[in-house]
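Visitor: With the input below, show me the fold.
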Amino acid sequence: MSTTTEEELQALYDDVRQLRVFNYVTISCAAFIIYDILTNLDKEIPLIWGYYHNFTEHISWRRRARRILVQTLFVFGRYYALIFLVAFFTVNNHQGFSISVCESVNS
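Guide: Predicted structure coming up:
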């Protein structure tokens, strides 16, 4: 029966610590993005989402197509980072350290 060396335990401890720090950074980035979205929501709604409700006259199809392109790029640029961070955090936390990894270190 082999004993676990102190170096292996230190390596495992360092890996767990790095994973914890990485999770903290991911959560703080997501919190900052949510804060930014909520503080600018009062400007975003009339400029991006309520644009067509202000017009009573007919809007040409070119102007409408250009506006849809702008809205699509805005939504992608604004909300993609938040969706990516949440998905990445979820997948990263789901994997974690398995029991077999911990058992192999102890044996």
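
Visitor: Point to the residue nearest the middle of the protein.
Guide: Centrality entry for the chain: nearest residue to the mean C-alpha point is L85, 1.4 Å, by CA atoms, centre = their mean.

Visitor: ok, it to L47 distance?
Guide: Distance of L85 to L47, given as CB to CB, to the nearest Å: 25 Å. Where you see a C-beta, it was placed from the backbone N, CA and C, and this is true even at glycine.

Visitor: so what does the one helix or strand R62 maps to touch, helix or strand wise?
Guide: Taking DSSP states H and E as the definition, R62 sits inside helix 61-95. Applying 3 or more CB pairs under 8 Å, 6 or more residues apart in numbering; DSSP states H and E, we find helix 61-95 packed against helix 6-39.

Visitor: what's the offset of the helix it packs on from the middle of its chain?
Guide: Relative to the chain's own centre, helix 6-39 is displaced by 13 Å; criterion: CA atoms, centre = their mean, to the nearest Å.

Visitor: Could you list the low-confidence segments of the chain?
Guide: For the chain, the stretches with pLDDT under 70 are 1-4, 51-56, 94-107.

Visitor: again, only using 90
Guide: 1-24, 26, 44-68, 70-71, 85-107 (pLDDT under 90).

Visitor: tell me the contacts of T5?
Guide: Residues near T5 by CB atoms under 8 Å, 6 or more residues apart in numbering: none.

Visitor: ok, so what distance separates it from S60?
Guide: T5 is 74 Å from S60, by CB to CB.
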